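Novice: what's the 3D shape of this:
(one chain, ligands or ions: 2)
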Amino acid sequence: MRGEHMAFPYDLVMFDLDGTLVETAPEICDAVNDTLHGLGLPAASLAEVERWIGHGTHELLIAALACATGTDAQAVRASKGLASTSATFDKHYQRRCGTRSRLYPGVREALAFLRTQGVKLAVITNKEARYTDTVLGVHQLRDSFDRVISGDSLPTKKPDPACVHACLHAFDVPKTRALFVGDSSIDAATARNAGVEVWLLPHGYNMGAPIQQCRPDRVIADFSVLAAEA
Ligand SMILES: O=C(O)COP(=O)(O)O
Ligand SMILES: [Mg+2]
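Specialist: Numbering: from 1, shown residues only. Ligands and ions are numbered 1, 2, ... in the order given. This next block holds a predicted model:
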């Protein structure tokens, strides 16, 4: 599928969403605090919320409730009120989506450039599909990707490699021609588990740890590096 004239060295680029393409933590923090406030619980800080991003929004809510109540995730999971709190969070997050999130610099240009190179583009996020759709929609990114895989799209989520395998299969791209671009150790593990190369950006959320510790194939400073590869 790769033509002679194309210079970009991959036929498929899979992007993580939160902390990679979109800075989502501020509005997720707002939705968490709307929820905690309604329960009479203390607010979470932005730094705390940033550390909880990466395992999906439901896990993030559990972490926030555990922190605010001084318990642990297991106790929150077993609590009777979790389903209704989750429904409340859902309303708040849907309302907050797009109010304080923003694309990182150069995202639109990088996606447009990769399109001109004939590269297939995918989003692979642990965020649940209903939120992924809203976030992509408010940032006019719905039509930018050939495939979107969310945390609840498949039976497993990152770091299980099934999401990457699904993309490789869908576009008939060999592992060596595919790249994962992310912001966390979960993305690094996903790519490794699938046997594809991974580049990490330092601007996102990595549970508070420096991304160099994830030993990616490359740390890239920003999205302009993608265009410079051609
Ligand atoms: O934790 C989430 O909700 C999603 O995070 P991700 O887009 O970085 O996979
Ligand atoms: Mg991320």
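
Novice: can you list the buried residues in stretch 42-59?
Specialist: 44, 48-59 (16 or more other C-beta atoms under 10 Å). In this view, the C-beta of every residue, glycine as well, is placed from N, C-alpha and C.

Novice: now, which of the residues you listed sits nearest ligand 2?
Specialist: Nearest to ligand 2 among the buried residues of stretch 42-59 is residue 54, at 5.6 Å by C-beta to the ion.

Novice: on that earlier part again, now go through the buried residues of stretch 42-59 and say which are in helices.
Specialist: Of those, the ones assigned to helices by DSSP state H are 48, 49, 50, 51, 52, 57, 58, 59.

Novice: helices of this structure, residue ranges please.
Specialist: 25-38, 46-52, 57-69, 73-78, 82-96, 107-116, 129-138, 162-171, 185-194, 224-228.

Novice: residues making contact with the helix or strand of the chain with the lowest mean pLDDT?
Specialist: Within the chain, no helix or strand scores below helix 224-228, which has a mean of 88 by mean pLDDT, DSSP states H and E. Contacts to helix 224-228, defined as C-beta atoms under 8 Å, 6 or more residues apart in numbering, come from residues 13, 106, 109, 110, 113, 114, 181, 199, 220.

Novice: how far away is the closest residue to the fifth one other than its chain neighbours from residue 124?
Specialist: Looking back up the chat, that one is residue 113. Of all residues not flanking residue 113 in the chain, residue 227 sits nearest, at 4.7 Å (C-beta to C-beta, 6 or more residues apart in numbering). The spacing between residue 227 and residue 124, counted by C-beta to C-beta, to the nearest Å, is 21 Å.

Novice: so what's residue 49 closest to, chain neighbours aside?
Specialist: residue 29 (4.2 Å).
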